[in-house]
Structure formats: structure tokens, C-alpha cells
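Colleague: how would this look folded up:
(chains A and B)
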Amino acid sequence: MKKLYYVMAMLIVASMILAACGTPATEAPAATEAPAASATEAPAAAVTQEDCAKPEVFCVGLVSDVGKVNDKSFNQSAWEGVQQAQADGVADLVQFIETSDAKDYAKNISTFADSGFDVIVTVGFGLGEATLAAGLQYPDVKFIGVDQFQAWQYTDDKADDSANVTGLNFPEDQAGFLVGALAAMQSKSHKIGAVCGTDVVPPVWRYGEGYKAGAAYADGMNSTTTEVFVVYHSDVGFDKTFTDPEWGAQTAKSMMDQGADAIFGCGGVTGNGAITAAAQAGKYAIGVDADQYLTLPEAAPRMLSSAMKLITPGVAQLIAAAKDGTIVAGNFTGTAGYAPYHDMDGEVSADVKAAMEAINAGLLDGSIKTNVSPAKP
Amino acid sequence: MQSDKQSSSPVMRILQSISDASLIPVLAILTAVILGGIIIKMVGGDPFLAYKGLIEGSLGSKKALSETAVWATPYIFAGLAVALAFKGGLFNIGAEGQLAVGAVFSALIGYALPEWLGFSLPIYIHLPLAIIIGMLMGGIWAGIVGALKAYTGGHEVINTIMMNYIALNTTSFLLNGVMKDKSPTNVIARTPLIAESARMPAIFDGLRVHWGFVLALLVAFFIWWLLNKTTLGFEIRTVGANPDAAQYAGINVKRTIILTMMLSGMLAGLAGSIEVTGLNYRHELGFSIGYGYDAIAIALLGRSHPLGVVLAALLFAAMRNGSSRMQFLTQMPVDLISVIQALILLFVAADAIIRYIYRIKSKGERVVLTRGWGG
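Modeller: All right, here's what the predicted structure looks like:
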């Protein structure tokens, strides 16, 4: 028995030593968490979670979908929007909870709501129902649902209307339109392609059709004729529609065999496979949702641009609106955009850059219409 | 588990055997928690705040307790499924797939049966029917593997893994296809909501804990009774200990193997059924991912004893449930919970490490002839 005590004592001492020398050595493992940690710890000295119950302290919580806030994609963009709100002085305290299982949606939301948080951002379509339910349960809290379409706004039934849930949605067709126009203007073979997830998912459909419309618009401007190949994953399989990089690469290759020299990948990892193949073949790669130059190093050297949902400014804008009371329940349409050219900057002529800015401005002020239906008819 | 001390009363003997059986798991948990604390410190967190969050989030309020019970419910069923198979000398890695099959069929009965019949059923028919069909389909799914094992010798480890792929991909096909929720705004692979008459009521108003948790505890007791007090249980354990001896003793080994797998699959199927009827009211792709694998860990930690499984399931449930609050307080990654769980499992599976650290002598264990994991 004595030995057991020795061992216990050793363990405790060891833990203390490790703990002491562990602190300065945190940089390496904490690096991935850096955006989260740096933003929350600095002001946490002044404002703590206990203060959130006070009316003058404005706290914002973010619940991720099954995934992490450093996923270099959706969750991260939304979290950066929340951090932006803090940097702008709108929010006093910002925190996140990463969902690890879908059944925790409601619990994670109420963890913030019960602690007196003023705004709760939920990320992703999957949290839509849980967010609406929480909206009823916590009428004093404002909810921002990223990519959550608020269908109740279009029903005649007034009973299901929400007073405090705002869905942040994006005109994917405009984002697709922008990169479609860019691809058509940059293509030397006048053949461009897009490899997408299933067109049953409306945003994917809007990306793909917007891409076609954008190419056609550029053709109209420059009197060119561009052949556009858009292939959706629908015919191949069901569950792998967003996670099938091999199929994406194969499809991109067959498009390039037919002469395409710019490939737009729209649909998660499937699209990533396609644009990686395009980049390896020395063609133009075009990313989706976020600036994939930063998130997909394999394709970065040939990344022409990305069709972007501007989630970060959208979230920050809605948080600010929630604070000054101007937020309106229902659907809020954020803005689409296109990513910088990065390494390809030298290959894009000043004329094309000017044309892109004109198209973007036209889409923003409504003088250019994509004429894409919201979902596959 | 033989005790070298001769205890006087039966109560003492039971206590002695419980403490013998739980010594290694308890020390494993303790060691993992200490190591976990060191890891938390190393990545720059506060281990005490983290564990405070973990405890508050899992036990700190009525709501927290309710959510822990919600998490524990499928873990108990699936853990029992794996434990029962262990007792029968079978390694059921297929709980994940059997669970999905159970969930899909319960959801189907739950939402489609009233449409097919053209009238709605009362809850005392519809709900049990949904649960039982899900349970039976899980049993049949695992029974196929049992039959392959009994008649062709095909190894159940390989076959349950393969059947997982079939089950999960078929589920995905169905949830994206004929069973998909057709409402226009839905883009997720999920079934429609099941009818009210197929939903298990909550025990308390405002809390999510449902009667499935009570059912899980009752089923755990039933499995203990089945294994230890019935002929079938004796046959399962004997086949698990030594199939040749069982054959020689006149036990129908083939039949027992198939029955063991079926019972195991029924328990896993129940885990899926109860998640659908008690909690989610639908089946959705992505729900229940990983429960079948966690169940293996739970069965090992619980040493395949029904009571041990219940306790291990409650522990894992508390850790999973408390992790949200832990992250809320510390902003640490929730993956730490997985690390701690993995450490516990490592120490339980490789108990030589624990025996070495704490200098525990193995107490005159018999030469083991089993090929099972039941112990």
C-alpha cells in the first residue's frame, strides 16, 4: 500500500511540475485556437460571464454546427463576424460552444440564453429548428441563424411567426454569377466548367446556375461565346454528394480534356477535389463559400478567385443591429462577393478587374439581375 | 473473479466482488482524469475550471441531470448490446449499424403507418409497435451475422463491420430518397416527424428526459436476470467461455450463437428506436453517429456486467453532456473529452499499466481458456 501512496504523490508532483512548465510552452498547441483564445481572454479580465445578466453588458454567444470554429469555412467565418462585433466595440463579451452531437443543439443554445447572453448566433441550416424553438423559449434574446431560411415569413399562418429570430442568407446566384463572369473573361479556350454538389440543395443550384448566367453576361459584354459545363453530383450518389473528391477530380479532368481551362468547385470536399485537379493541371481554380486561397493550399497557386458568402460582415452587421434595436425578425439577405486574385493577380488584366468591379456594383445596386430561380424548378 | 479472502456473510461477499471488479476501472478513470488535467494545463487551460464545468454541466442542475440521462439512454442500450455479445464470446462491432436500422424502422412506423392505414392509432398501440419493430429489425440485422458465424464460420468482427457499411449507406440512401422529409424548405437528409401517437412522453414537464431512460434501466436488470438466472443465459455464457465444452455438454452452439447475436442486435436496435421515439421524433443522418463505437468502450469499462455497463454509460454520458458547459467556461476544445475517454479506455483495456502504476497484484486468476471478452 505504501508504494501506492508514493505513486500518487509522484503523480501529483509531476502534474504540478508539468503544469508550471506547461504554461510558457502553450504556443504550439494553442495556435489553432488562437483566434478564439486571444479574443476571449483579453477582455475577459474586465467582463466575465457573470456580468452578462446585467442589462448594460452586451454578450454574444455562438453555437457552431457539428464542427469547429477553426474549420476555415462556415463556422470560422461566422465566429470571425462575432469577434468583429467585439473589435468594433459592439459586444462586451463573445464566446462559442462547438456542437459535437446534433442532440445538443438546444442545450448549447440555452447554455448561453440561461447565462443572460443578449445575442446568440447559430451557424448552419441544421440548427434552424432548434433556433426557432429557442426563440420562443427566450423572447428577450435575439437569435441570428446563419444560412437558416425563415419559411414562416412566407406562410399565411401568423401563429408560427417569430419575433426574435433573424436568418442570415446569401444570394449564392450572385456569387456564382461573379466568378462565372470572371472565368469566361479569363478563359483562353472559351470553355469553362463547374463541379458541384447535388442541385437538390437550393444554394448549390443557385451557385451553378448563377455561374452559367455570369458567363453568359460576360459573353454579352465582350461578344464572345463561352461553352459552360456545369455538372452536379446528383446522378452519382446520395450521401457523398459533398464528400466525394475523387469524383470531383475525375469530372474536372474530363472537362479539361474537353478543353475547359477554368474550373469552379461548388460543393464541399467534392468541389475541392475538382479545383485541386484543375490547379495541378495548371488551369484556373475557383473556390466557393470562403476565400479558398487561404483554406486549400493544394489549389492556392492557381486559385483565380472564390465565390464568397460574406458571412463575417453579415454576422457583425446583424449583431450591431441587434444592439441598437434595428434588427428585424425574418430573412436578412447578406452580400455575395468574390475573393482577391492573390497569386493570379498578374494574369488578370486591368480591364477584367474593372469589369468585375462594375459587375459587382451592378449586382449590389440591382441593375444586373442573375435571373436564377431560388431552387431547382 | 475469485476472491482469496473468504468473506463471512453473503453481503460482504457481494461487496467484495464489486470492489474487486471495479478496482481497475475506478483507478483507470482516476488516472485518466489526472492525466487529462495535465493535458488541459499544457494547452493553456485551467483544469479545475474545466472539471468544474464538466461537473456543473452534467450534474449541476435539474436540466443538467436530465440531459445526462438523455445521453445515457442510448449508451446503456448499446453498451448492453456489446456486453451481451462479449458474454457469448462474440465481438459485436456492428452496434452502430444495428442502431441505425432500428432507428430507421421506428421512424418509418412512426410517421408512415397512420398514412398507410388511413387512420391514426392510439399511443398504447403505435408507440410499442414502433419500438418493437425497430428492435426486431436490429435483431434480424445482427442475426444475419450470427447465422454466418454459426453455419459458415465467417468471423463476426469482419461481418459486423461490413454490415455497418451496408446499414449506414442504405440508411443514407433512404433518408435522401423515399424517406426524406418532403417539406419544401428541408435540405437535410431526414425523415418527416413521427406521429404524436408514436412519441414517448417526457417524465417531467420542461425537461427532455423521457421514459426510455427508465426502460433502459429495466432492460439492464432484465439482461442481468437473463444471463445469470435462466437456462438461455447459462448457455450463452458457456458458449462464450468454451464452445467445445458447451457442445460436449449438449448445448446447441449454433443456435446459441445466432440467438446471442440477435439479442445483441435487438438491444442495439432499441437504442436507435428509443432515440427516435423518445428524443428526436425523427431519424436524421448524422444523429447517433458513433454511439455504436462508444458502446464498445462502455462495455469494456463496465466489464460486460449490466450494472457496470449502466455505470459506465452514465459516466460517458456525463462527460459528453458536461463538455458544453466545460467549453462555455473555459473555451477549451471539446475534443479534450474524447482524449480523456480514450485514456480511460486505454487503461481499462491495457490494465497491466494500471496494475503496474498502483502495484496491484493479480489475485490468483485462473488460467483463462476463453476466447471471449466477458471475464
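
Colleague: Please count neighbours and contacts with C-alpha atoms only from this point.
Modeller: OK.

Colleague: Would you mind naming what in the stretch 51-200 of chain A lies close to chain B?
Modeller: Applying CA under 8 Å from any CA of the partner chain, we find that the stretch 51-200 of chain A lies next to chain B at A:95-103, A:108, A:111, A:126, A:149, A:151, A:200.

Colleague: How far does stretch B:247-258 stretch from one end to the other?
Modeller: Terminal residues of stretch B:247-258 are spaced 15 Å apart (CA to CA, to the nearest Å).

Colleague: Select from the residues of the stretch 51-200 of chain A next to chain B the one having the most neighbours.
Modeller: Neighbour counts for these (other CA atoms under 10 Å in any protein chain shown) peak at A:I97, which has 29 neighbours.

Colleague: quick one: low-confidence parts of the stretch 151-300 of chain A?
Modeller: Scanning the stretch 151-300 of chain A for pLDDT under 70 picks out A:235-240.

Colleague: Let me see the ranges of the helices in it.
Modeller: Taking DSSP state H, counting those that start in this stretch as the criterion, the stretch 151-300 of chain A contains helices spanning A:172-186, A:202-222, A:245-257, A:268-280, A:292-295.

Colleague: The stretch 1-150 of chain B now?
Modeller: So, for the stretch 1-150 of chain B - with DSSP H, counting those that start in this stretch - the helices run B:10-42, B:47-59, B:62-87, B:95-117, B:123-152.

Colleague: Ok, which of those helices comes nearest chain A?
Modeller: helix B:10-42 (4.6 Å; CA to the nearest CA).

Colleague: Do a quick rundown of the helices in the stretch 251-375 of chain B.
Modeller: Taking DSSP H, counting those that start in this stretch as the criterion, the stretch 251-375 of chain B carries its helices at B:253-274, B:291-301, B:306-330, B:335-349, B:351-357.

Colleague: Please work out which of those is packed deepest.
Modeller: Greatest average neighbour count among the helices of the stretch 251-375 of chain B goes to helix B:253-274 (a mean of 30), per mean count of other CA atoms under 10 Å in any protein chain shown.

Colleague: what about that helix, distance to the chain center?
Modeller: 12 Å (CA atoms, centre = their mean, to the nearest Å).

Colleague: And stretch A:218-225, by the same measure?
Modeller: With CA atoms, centre = their mean, you get 31 Å for stretch A:218-225.

Colleague: Kindly export that stretch (C-alpha atoms) in PDB.
Modeller: Provided in PDB are the C-alpha atoms of stretch A:218-225 (Å, rounded to 0.1, in the frame of the first residue of the first chain):
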ATOM      1  CA  ALA A 218     -19.600  38.300 -69.800                       C
ATOM      2  CA  ASP A 219     -20.100  36.900 -73.300                       C
ATOM      3  CA  GLY A 220     -22.700  39.600 -73.900                       C
ATOM      4  CA  MET A 221     -20.200  42.300 -72.900                       C
ATOM      5  CA  ASN A 222     -17.300  41.000 -74.900                       C
ATOM      6  CA  SER A 223     -19.200  39.400 -77.800                       C
ATOM      7  CA  THR A 224     -17.500  36.000 -77.100                       C
ATOM      8  CA  THR A 225     -19.100  32.600 -77.000                       C
END
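
Colleague: List the contacts of it.
Modeller: Contacting residues not belonging to stretch A:218-225 are listed as A:181-182, A:184-185, A:190, A:226 [CA atoms under 8 Å, 6 or more residues apart in numbering or on different chains].

Colleague: list the contacts for residue 338?
Modeller: Here I'm looking at chain A. Listed by CA under 8 Å, 6+ apart, the contact partners of A:Y338 are A:175, A:178-179, A:291, A:305-308.

Colleague: just to revisit the earlier point, ranking by neighbours, what's the top pick from the contacts of stretch A:218-225?
Modeller: Ranking the contacts of stretch A:218-225 using other CA under 10 Å puts A:A184 first, with 30 neighbours.

Colleague: quick one: contacts for that residue?
Modeller: Contact partners of A:A184, counting by CA under 8 Å, 6+ apart, are A:190-192, A:215, A:218-219, A:226.

Colleague: Mind putting the helices of the stretch 151-300 of chain A into JSON lines with distance to B:K229?
Modeller: Converted to JSON lines, the helices of the stretch 151-300 of chain A look like this (distance: least, CA to CA, whole Å):
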{"stretch": "helix A:172-186", "distance to B:K229": "64"}
{"stretch": "helix A:202-222", "distance to B:K229": "58"}
{"stretch": "helix A:245-257", "distance to B:K229": "54"}
{"stretch": "helix A:268-280", "distance to B:K229": "53"}
{"stretch": "helix A:292-295", "distance to B:K229": "60"}
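
Colleague: on that earlier part again, format the helices of the stretch 251-375 of chain B as TSV; extra columns: distance to A:P297.
Modeller: Output for the helices of the stretch 251-375 of chain B, formatted as TSV (distance: least, CA to CA, whole Å):
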stretch	distance to A:P297
helix B:253-274	40
helix B:291-301	33
helix B:306-330	30
helix B:335-349	25
helix B:351-357	42
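
Colleague: Just send these back as TSV, with distance to chain A and mean pLDDT too.
Modeller: Compiled in TSV, these are given as follows (distance: least, CA to the nearest CA, whole Å; pLDDT from 0 to 100):
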stretch	distance to chain A	mean pLDDT
helix B:253-274	13	97
helix B:291-301	10	92
helix B:306-330	6	93
helix B:335-349	9	84
helix B:351-357	7	83
